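>>> With the sequence up front, the predicted model follows.
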Amino acid sequence: MITVHIKKLRDIGIGLVVYEAMNYVFDFIFYPFALTFWGLQDGAAVAIVISLAANVCFFWLYEYMRVDWLGAHALRELEREENKSSIAKLMTWVGKKKDHWWEKILSPVVFITLLLPIDPVIVAIHYRREHFNGLKGRDWGILVLATLIANAWWILKVELVIQALLYVWHLVF
């Protein structure tokens, strides 16, 4: 029994650590380099293309490997249970089909808000309705949209920091 849990922790941990390490290098080293070296337009274009390619690979790999290292499939399973707590209802709301008009209005707001601090692959995976049953057009559309929104936000943040540093540099030197 314990070895099953250790194997599951190892599978989840390795995937999450590798994914987050690659994200850190891309976000905090490559992105500032690209925007500084190639400029806002070219640097952003290069970064977005690489980001989209990497996200497509990770998205596909998550489905192909069938390792729920983000807990999204577990949340879909929790959605089927009766008598959920309020927190369980909130956690499962993201991936479920939106039936009410207020859910359809709130869903894009929540989607964009989640993309500000959270990686687009993670958000896209949690917005999927089914896991490990193949990738649908809707899933790919959510991933591309999430990647574009997250990149636009990150470009804005990184470019503001770069411009502030350049301004200080010119004041000092």
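Looks like it arrived, so ask away. Residues are numbered from 1 along each chain as shown.

>>> Which residue ranges of the chain form helices?
For the chain, the helices defined by DSSP state H occupy 2-25, 31-65, 72-79, 86-93, 101-115, 120-127, 137-172.

>>> so can I have a markdown table of those helices showing mean pLDDT and mean neighbour count?
(Glycine included, C-beta is placed from N, CA and C.) Below are the helices of the chain laid out as a markdown table (pLDDT from 0 to 100; neighbours: other C-beta atoms under 10 Å):
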| stretch | mean pLDDT | mean neighbour count |
| --- | --- | --- |
| helix 2-25 | 79 | 12 |
| helix 31-65 | 95 | 16 |
| helix 72-79 | 76 | 16 |
| helix 86-93 | 74 | 13 |
| helix 101-115 | 90 | 13 |
| helix 120-127 | 92 | 24 |
| helix 137-172 | 96 | 15 |
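
>>> isn't Y127 right up against W140?
No: in this structure Y127 lies outside contact range of W140 using C-beta atoms under 8 Å: 11.8 Å.

>>> Could I get the CA-only coordinates of stretch 51-64 as CSV?
Extracted in CSV, the C-alpha atoms of stretch 51-64 (Å, rounded to 0.1, in the frame of the first residue of the first chain):
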residue,chain,number,x,y,z
SER,A,51,5.7,29.1,-25.4
LEU,A,52,2.9,27.8,-27.6
ALA,A,53,5.0,24.9,-28.9
ALA,A,54,6.1,24.0,-25.4
ASN,A,55,2.6,24.2,-24.1
VAL,A,56,1.3,22.0,-26.9
CYS,A,57,3.9,19.4,-26.0
PHE,A,58,3.2,19.5,-22.3
PHE,A,59,-0.6,19.4,-22.9
TRP,A,60,-0.3,16.4,-25.2
LEU,A,61,2.2,14.7,-22.8
TYR,A,62,-0.2,15.1,-19.9
GLU,A,63,-2.8,13.3,-21.9
TYR,A,64,-0.5,10.7,-23.3
